[in-house]
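# Here is a sequence with its predicted model. Questions after.
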Amino acid sequence: MKIKSLDTWIEGGNNNFIIISGPCGAETRSQILNTADQISQVKGVHLFRAGVWKPRTRPGGFEGVGKKALSWLKEAKEKYGLKVAVEVARSQHVEECLKAGIDVLWIGARTTSNPFSVQEVADALQGVDIPVLIKNPLNPDLNLWIGAIERVYRTGNNKIAAVHRGFFPFRKTRFRNDPKWEIVIELKSRFHNLPIICDPSHITGDSRLLNEISQKSLDLNMNGLMIESHCTPELALCDGKQQITPTQLGTLLLNLTHRVETAHDTNFKELLGQYRIQIDEIDTQVIKLFAQRRELALKIGKEKQKRNVSILQLKRWKKMRQSRLELAREFGLSEKFMDKILQLIHKESISIQSPN
Ligand code: PEP
Ligand code: MN
């Protein structure tokens, strides 16, 4: 894919890096104008965002005010000189946005998850020269994300960026959505010139954690941030907990450390970040495997107890140790190191099987 660098399609986007901010949803004319006014005074913001049609997981919530918000955005754009971005999920959304002179469109996570919807949006974009941001799908399926990017790219559009907003978590974590950085890194390594913008608001779901995730994305050389802001976050009709005021945004941006841009240093940091993520992933797997092993040891213990069989089975232990050491050798691991680990594992297994 031949994607244009961000600097060429976002005015003022330097070093292939941009900041997008604005409310989760457009609620009222005064909320839009007030927030846009304040955002225009924050140094370093390139694009004002607002959801006009809000896809809600369940019906009954605030679903956006629709088309009429486009005129508020137009007004904000004229008054404060901001470029504006809106989420589209249907061909009709695209048409309305183009009519209203919206500068950038984005495809939301729920839409990316559905190829029919992405294709509908792509068909409406055929031959249209407008930047499109594509959020990752809700589920951690890299191909689904790539598929959506390709559908837009095939319309002849090369002003494309991916937006990383995290993935639906299957167990409760500190974050609203699981960042799964390894997926973003894989996307980056497959499409070197595809800009990737991080959305810490939807990853964290919590305004207090925005700093941490924003910095992490900068450390991984992401190409920008999309951060939700609202003139009065506590009154927001959607995603209130994760929105910050434009003043807070200004402080957050000032506190971020942009990594030194010497070629050598950038590559080094990027590589280090990638390796560490892989190491974290491996350690997670190791811990999960230990947990599975523990479950099995417990089962064995119960069976032994039922039959009054001794816990320590010396012959089995010797055989096991021997075979594991051989395997470790094959993989180039130190025997001393492996033996220590095996002994610890065995000791733990014995203690697990022992009735208290
Ligand atoms: C949004 O940006 O407000 C939004 C709905 O995000 P996502 O599609 O990432 O859930
Ligand atoms: Mn939102």
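Sure, I can see it. Ligands and ions are numbered 1, 2, ... in the order given.

# Ligand 1 contacts on the stretch 101-250 of the chain?
Residues of the stretch 101-250 of the chain that fall close to ligand 1, judged by C-beta under 6 Å from any ligand atom: 108, 109, 110, 135, 165, 202. From N, CA and C alone the C-beta is placed, and that goes for glycine too.

# Quick check: the gap between the fifth one and residue 80.
In this view, residue 165 and residue 80 are 26 Å apart by C-beta to C-beta, to the nearest Å.

# Comparing the two, which residue is more hemmed in?
A count of neighbours by other C-beta atoms under 10 Å puts residue 165 above the other of residue 165 and residue 80, at 23 against 17.

# For that one, what are phi and psi?
Recorded main-chain torsions at residue 165 are phi -120, psi 20, according to degrees, to the nearest 10.

# Can you name the residues that contact it?
Neighbour list for residue 165: 109, 135, 136, 177, 199, 201, 202, 203, 226 [criterion: C-beta atoms under 8 Å, 6 or more residues apart in numbering].

# mind running it again at 6 Å?
With contact set as C-beta atoms under 6 Å, 6 or more residues apart in numbering, residue 165 has these partners: 109, 135, 199, 202.

# can you tell me which of these lies nearest to residue 9?
Top of the list for closeness to residue 9, among the contacts of residue 165 and by C-beta to C-beta, is residue 135 at 17.9 Å.

# quick revisit: is there a quick PyMOL command that grabs whichever of the contacts of residue 165 are buried?
Once 16 or more other C-beta atoms under 10 Å is used to decide burial, the buried members of these can be selected in PyMOL as follows:
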select buried, resi 109+135+199+202
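
# out of the contacts of residue 165, who's nearest residue 160?
Relative to residue 160, the closest of those is residue 135; by C-beta to C-beta it sits at 12.1 Å.

# Surely the closest one is in contact with residue 108?
Yes - with contact defined as C-beta atoms under 6 Å, residue 135 counts as touching residue 108 (5.5 Å).

# Now do the same for residue 353: its pLDDT.
On the pLDDT scale, residue 353 is placed at 84.

# Now do the phi/psi pair for it.
In this entry, residue 353 is assigned phi and psi values of phi -80, psi -20 (degrees, to the nearest 10).

# That one: what's it in contact with?
297, 301, 311.

# Check those residues one by one and keep those near ligand 1.
Residues shared between those and the neighbourhood of ligand 1: none [C-beta under 6 Å from any ligand atom].

# which among those end up buried?
Using 16+ other C-beta under 10 Å as the threshold, 297, 301 are the buried ones among the contacts of residue 353.

# Among the contacts of residue 353, which one sits closest to ligand 2?
Lowest distance from ligand 2 to the contacts of residue 353 (C-beta to the ion) belongs to residue 297, with 45.6 Å.

# Residue of the stretch 201-350 of the chain closest to ligand 2, please.
The shortest separation between the stretch 201-350 of the chain and ligand 2 is 3.8 Å, found at residue 239 (distances taken as C-beta to the ion).

# Please identify the residues of the stretch 251-356 of the chain in proximity to ligand 2?
Selection of the stretch 251-356 of the chain residues close to ligand 2 by C-beta under 5 Å from the ion yields an empty set.
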